[in-house]
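Trainee: Dropping the sequence and predicted coords here.
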Amino acid sequence: MSSITIQQNGITDIPADAIVNAANTDLREGHGVCGVIFRQAGSAELTKACKAIGHCDEGSAVITPGFNCSSKFIIHAVGPRFSNGKHGEPDILYSAYTSTLEICKKNKLHSVVFPLISAGIFAYPLNDAWAQAISACKAFIHKNEEYIVDIIFAIPEDEKVAVGNSILQKNILLI
């Protein structure tokens, strides 16, 4: 049976088949989660792999090897920069999660560690970011019952973990 859990931890500290990079459209090394993942993987190797791909649209995801990370793969998911919520941001964020999970399924990966996409420097409101993340993951599990995946959110901040667990318990589904 598939599961969704939230752990207070760094994203590169949890063993899994894949970790998710909160990426930018150019797949360049950035700050925050993105910078941590690039440094852990090996900036030069990961940059070369990302340059070979070139670009990833908002709401989409691409996969690279994990290089020096404990995970076999890194999935680069591009969430939206939050403006006011009236420029398709909820749909784009939802799609970033489902695109990532589709890549997991296609590659037969059964454990994936997510950050809270777009909730850092892209300024997505915390409650709304969690609502989209959890809803997208629950909907994917519901639609793909034959595929077993452990979805883990690695969140270092107390407040973000508490909000996430509260929303996870509410059993929302924004299909």
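Mentor: Cool, the structure landed.
Trainee: Any idea what the residue nearest the centre of the chain is bridged to?
Mentor: Among the residues of the chain, Phe114 comes closest to the average C-alpha position under Cα atoms, centre = their mean, at 3.8 Å. As for beta bridges, Phe114 partners with Phe153 under DSSP bridges.
Trainee: Pretty sure it sits against Asp150.
Mentor: No: with contacts defined as Cβ atoms under 8 Å, Phe114 does not count as touching Asp150, sitting 11.2 Å away. (C-beta placed from N, C-alpha, C; glycine too.)
Trainee: What ranges does this structure have for its strands?
Mentor: According to DSSP state E, the chain carries its strands in the segments 3-7, 18-23, 61-65, 73-78, 111-114, 150-154.
Trainee: can you give me how far the fourth one is from the chain middle?
Mentor: Centre-to-centre, strand 73-78 and its host chain are 7 Å apart (Cα atoms, centre = their mean, to the nearest Å).
Trainee: for that strand, packing partners?
Mentor: Counting contacts by 3 or more Cβ pairs under 8 Å, 6 or more residues apart in numbering; DSSP states H and E, strand 73-78 is packed against strand 18-23, strand 61-65, helix 89-106.
Trainee: what does it contact?
Mentor: Counting by Cβ atoms under 8 Å, 6 or more residues apart in numbering, strand 73-78 makes contact with 17-25, 27, 37, 41, 46, 50, 56-67, 96-97, 99-100, 103-104, 107, 109, 112, 117, all of which sit outside it.
Trainee: Of those, grab the buried ones for ChimeraX.
Mentor: What follows is the ChimeraX syntax for the buried subset of those, where burial is set by 16 or more other Cβ atoms under 10 Å:
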select :17,18,19,20,21,22,23,24,27,37,41,46,50,56,58,59,60,61,62,63,64,66,67,96,97,99,100,103,104,109,112,117
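Trainee: State the distance from Ala44 to Val20.
Mentor: Taking Cβ to Cβ, to the nearest Å as the criterion, Ala44 is separated from Val20 by 21 Å.
Trainee: do Ser83 as well
Mentor: Following Cβ to Cβ, the distance that separates Ser83 from Val20 is 23 Å.
Trainee: swap in Pro115?
Mentor: Applying Cβ to Cβ to Pro115 and Val20 gives a distance of 6 Å.
Trainee: Identify the contacts common to the two.
Mentor: Overlap between the contact sets of Pro115 and Val20, as judged by Cβ under 8 Å, 6+ apart, is given by Ile11.
Trainee: what's across from the nearest residue in space to Gly164 that is not next to it in sequence in the sheet?
Mentor: Closest residue to Gly164 in three dimensions, ignoring its sequence neighbours and counting by Cβ to Cβ, 6 or more residues apart in numbering: Ile6, at 4.6 Å. Under the criterion DSSP bridges, Ile6 forms beta bridges with Phe153.
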